[in-house]
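[1] generate a structure from the sequence data that follows.
(2 chains)
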Amino acid sequence: MKLVENTAGRPVPTEVNGTEQTPFQGVGEYRPTGNKAAPPVRTCTDYPPGGDKRVRSLKEALQKAGLRDGMTISSHHHFRDGDLLMVQVFEAAAELGVKNLRWFPSASFPCHEPIIKHLESGLITWIEGSLNGPLGEYASSGKMNGTAVLRSHGGRWQAVQDGEVHIDIAVIAAPTADSFGNATGDRGPSACGLLGFGLVDSLYADKSIVVTDNLVPFPCLPWQIMGQNIDYVVEVDRIGNPEEIVSGTTELTRSPDRQYIAELTAEFVRAAGILRDGFSFQAGAGGTSLAFAIYLKEMMKEAGIKARFIRGGSTKYLVEMLEENLTDFILDGQTFDLEGVRSMRENPRHIDTSPFTSYNWHGKGNFASMVDVVVLGATEVDVDFNANVVTHSDGILLHGIGGWQNCLFSKCTILPIPSFRDRIPIIVDRVTTLCGPGELIDVIVTERGITINPLRKDLIKATKDSGLPIRPITEIKAEVEELCGGPPAKPEFTDQVIGIVKWVDGTVLDSVFKVKGTNDA
Amino acid sequence: MKEESVALDMNTDFISAAPEPDPEMEIRSDCIIRYRPRTSGGLDIGLESRVMVMYGQSIHQLAEQTLTELGIAHASLHIEDYGALPFVVQARIEAAVKMAHPELEAVSLPELKDQTRQGSRRDRFRRSRLYIPGTMPKFMLNAGIHQPDAIILDLEDSVAPPEKLSARFIVRNALRTLDFFDAEPMVRINQGDLGLEDLEAVVPQPVHLVLIPKAETADQIRTVDAKIAEICKSCGREEPVFLMPILESTQGIVDAPAIARASGNNVALAIGLEDYTADLGVQRTAEGQESIFARSMVVNAARSAGLQATGTVFSDVDDMEGLRSTAMEAKSLGFDGMGAIHPRQIRVIHKAFAPTEDEIEMAKEIVLAFDEAQAKGLGVVSLGTKMIDPPVVKRAQRIVDLAVAGGSLEKDWKHLE
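    Numbers count the residues shown, from 1 in each chain, chains lettered A, B, ... in the order given. So this is what the prediction gives:
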């Protein structure tokens, strides 16, 4: 594999899985031209005039969709660790005797562990999508035949529109659907809220299959997925495990350190002048992010401030803010708990969004860049404010990118993270894997102080007299290293690239190398 | 280390120094040590670690260094590490070794860090004191960040008997290593002889204050004080080690005045109500009528001896309203502070013990009047037509300081007036 150094100084391959790659050229520098990919032309008379597109089984649907060797099957991850469908899909594909498939999920989870056997048998050659848990470990050990390609949610949409990934068959798990293929995620026994991650699949795949365990008579309302984009509908017993799809309740962090970090983050937002009437923010479902939202909420109530919108994932905490009229809207990308799903069904001030509305490099603008402040996590950051979300300091690939890269484009990006986990310092000299260029990361909040990217002179000025513990990043780093017994040793890598990290524009930002000593295939 | 004594232990199983297993709680920032002496074969050190890639080598080196410092030449040692900081690894190894060789006198101390060497004052604020079990290093690491006035590394009630030795070394090493920022480092020693042994380990370290549990007689305080003086002499410590007797029995309460005056190093009296109410034979209630005498006794005994008085802990960490009213009541009885068992209680306590707006306004006037009298070279301070006595000025200054510490008054308020 030929490696070149990209503008971020990272060695990246020029070809991956037989596809030519463009090295990262800098934030906002890569502007491809030409036309977007498009699905094949259809004729409506090829579909049942009565609108009933049901077929008897997954196997039959795959057969009718023309499944053969080398094809790409895609899926969404709105069921998170509660997905029961994709294991069934690949069982059916195995029965059909095909091989060398590429799986193109928006993310995979520990529940997909049984799919490892299909990687070993040759049914699936490689997975292109976020790898969480056992599949990540499998890829890390260099056992996967192809190279893992890690993309953001927006990057997935971009890759499909670029024609970089052509989806032969999309399998769309639908908590509720009708026989025409209209589908929604906001109701049914496997309700997950939204289906936005599967939208691009429905639009661009050669063939799209909706699979549901809750078939309703036409019309299924609302329709987050339109039946006009669907070829077949399959009814199965169960597509998801509700307890793993959305949590009953999302939990606030109970760690006093994390609560303190969340509070400092909210105080920073206030001190920087971001907290004002009509502002917007995004906070995820992590315990610290939730706690941040709660501290922010108290400040908003105190100051009589109302947000124009909050970008979700919806949680009960954001729903409370909506119901207490502290925000006009919630813009949902996904939904994290049952309260979020309920509110989405009942309250019209939830707005369905997708990677197309929020994150797409080829869109005519994105919601993500309109957000005043976003708080995100990271496994590592470095003294240049670069951040890592996919590997840990030991070099093992463990997480996907999700919408993380796309959210970095908000007006103020804050990473509230502990300064060390167990004994591992989070601030390092150089991140193991580069996922977010430092120029887009504005503030890092740790329990040992706040550090502001020197590029953000405005934020430095605004918070100068705030009394907040604002410190140079190198000072916090030194303090933590002193505590932890020196800087952490680096893992030793082989020269085998087991995965690449794409930037939001489709260029290659970094490579994930195989760690020495991990199991060989 | 003599070979004979090692041989005695040859057939025993591994000696373990391990955090208490708690199925509810994940082990973090700690480690399990298994130690087995042997007579030959050198040191055999096995390591499993969550941070193997980053710190495996340094943990190995540290283990070897610790054993060598303890004079162990032949042993089998296994470390099951969950991201323990070096001072914890070192302490747990020392505990395991000393459980196998109780007569061993050598110690293995981590480097004394600069940030630990700050002095204390008799009359500093002690509004909140955060208890941390001596075997829970994960709670020690960031404790200072939550800004309690004091951090108590506890060797007594929160440490189970098999863990006493580990706790002693973890606490000793933590005092040498960790930055508690502006919090005053305190240690609660065990009762009786075990407590005197604890002193050997902690007094040579940068500890500011020792809490004496179940104080019942003045003699008890004098014994501790004498032991501390003896250790200070041999280790060359010049700074005082302040004392805070905890009165938690009927005997202690009735002898409170004598206990308060038992040592010049006493700076505060604390009350512990769980044991006290049990001793009294009554149920502890939220209203606290049953302990009103005891609490007032402690306050009066402390005040009359020129000491601070500090209240008990409030054990429901989710009930902030209950905590607030308990703290307000303690303040109204004359207490200067109380214990905390969770960082989230600290701010509520500080707020409760902060002076009221009226108190602050009055105190400011008195302080300004005093300044003016000083500037004019007047011996007598007066406010309007009223003469102000020196103790009143002192009290006013303290209220102003408290208000500044609690954030309700700007530090340079005089210039803002």
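
[2] distance of A:Arg258 from B:Asp179?
    Distance from A:Arg258 to B:Asp179, counting by C-beta to C-beta, to the nearest Å: 20 Å. (Each C-beta comes from the backbone N, C-alpha and C, glycine too.)

[3] would you confirm that B:Asp157 contacts B:Pro213?
    Yes - B:Asp157 lies in contact with B:Pro213 (C-beta atoms under 8 Å); the separation is 7.5 Å.

[4] which neighbours do the two have in common?
    Taking C-beta atoms under 8 Å, 6 or more residues apart in numbering or on different chains as the contact rule, B:Asp157 and B:Pro213 both touch B:Arg188.

[5] more neighbours: which of those two?
    Regarding B:Asp157 and B:Pro213, a neighbour count based on other C-beta atoms under 10 Å in any protein chain shown identifies B:Pro213 as having more, with 22 against 16.

[6] number of nearby residues for the residue in the stretch 201-350 of chain A positioned nearest to chain B?
    Of all residues in the stretch 201-350 of chain A, the one sitting closest to chain B is A:Pro256 (3.8 Å; C-beta to the nearest C-beta). Using other C-beta under 10 Å, A:Pro256 is surrounded by 21 other residues.

[7] can you check the pLDDT for the nearest residue in space to it that is not next to it in sequence?
    Of all residues not flanking A:Pro256 in the chain, B:Pro343 sits nearest, at 3.8 Å (C-beta to C-beta, 6 or more residues apart in numbering or on different chains). With respect to pLDDT, B:Pro343 scores 95.

[8] who are the neighbours in contact with B:Pro343?
    A:Pro256, A:Tyr260, B:Leu130, B:Ala143, B:His146, B:Pro148.

[9] check A:Ala489 too.
    For A:Ala489, the contact set (C-beta under 8 Å, 6+ apart) comprises B:Val53, B:Met54, B:Tyr55, B:Gly56, B:Gln57, B:Ser58.

[10] about what we covered before: in this structure the residue of the stretch 201-350 of chain A closest to chain B contacts B:Arg344, no?
    Yes - contact criterion C-beta under 8 Å: A:Pro256 and B:Arg344 qualify, at 5.7 Å.

[11] show me the beta-bridge partners of the residue of chain B found nearest chain A.
    As assessed by C-beta to the nearest C-beta, chain A sits closest to B:Gly83 within chain B, at 2.4 Å. Beta-bridge partners of B:Gly83, counted by DSSP bridges, are B:Asp30.

[12] sorry, back to before: looking at the contacts of B:Pro343, spot the one nearest B:Glu248.
    Nearest to B:Glu248 out of these is B:Leu130 (C-beta to C-beta; 18.7 Å).

[13] give me the neighbour count for the closest one.
    28.

[14] surely it forms part of a strand?
    Yes - under DSSP: H, G, I helix; E, B strand; the rest coil, B:Leu130 falls within a strand.

[15] break the chain into its domains for me.
    In the absence of a named chain, this looks at chain A. As assigned by automatic domain parsing, chain A contains the domains A:53-245, A:256-484.

[16] um, chain B though
    If you go by automatic domain parsing, chain B breaks into B:3-100, B:123-353, B:357-416.

[17] could I get those domains as JSON lines with distance to A:Ser343?
    Below are these laid out as JSON lines (distance: least, C-beta to C-beta, whole Å):
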{"stretch": "domain B:3-100", "distance to A:Ser343": "32"}
{"stretch": "domain B:123-353", "distance to A:Ser343": "26"}
{"stretch": "domain B:357-416", "distance to A:Ser343": "37"}
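
[18] on that earlier part again, among the contacts of B:Pro343, which are in helices?
    Applying DSSP state H to those, the entries found in helices are A:Pro256, A:Tyr260.

[19] B:Trp413: which of the contacts of B:Pro343 is nearest?
    Nearest to B:Trp413 among these, counting by C-beta to C-beta, is B:Pro148 at 24.3 Å.

[20] could you verify my assumption that the closest one touches B:Tyr131?
    No - with contact defined as C-beta under 8 Å, B:Pro148 does not reach B:Tyr131; the gap is 9.6 Å.

[21] on the pLDDT front, check the residue of chain B closest to chain A for me.
    B:Gly83 is assigned 95 on the pLDDT scale.

[22] is it true that it touches A:Ile424?
    Yes - between B:Gly83 and A:Ile424 there is a contact at 6.9 Å, judged by C-beta under 8 Å.

[23] what number of residues lie near residue 295?
    The chain I'm using is chain A. As a burial measure, A:Tyr295 scores 18 neighbours (other C-beta under 10 Å).

[24] my bad, chain B
    For B:Arg295, using other C-beta under 10 Å, the count is 23.

[25] again, but for A:Ala139
    25.

[26] what residues are bridge-paired with the spatially closest residue to it that is not a sequence neighbour?
    Leaving aside its sequence neighbours, A:Ala139 sits nearest to A:Ala148 (C-beta to C-beta, 6+ apart; 4.6 Å). Following DSSP bridges, A:Ala148 is listed with bridge partners A:Gly499.

[27] would you mind listing what in chain A touches chain B?
    By C-beta under 8 Å from any C-beta of the partner chain, the residues of chain A that approach chain B are A:256-257, A:259-260, A:393-395, A:421-424, A:447-448, A:479, A:482-486, A:488-491, A:515.
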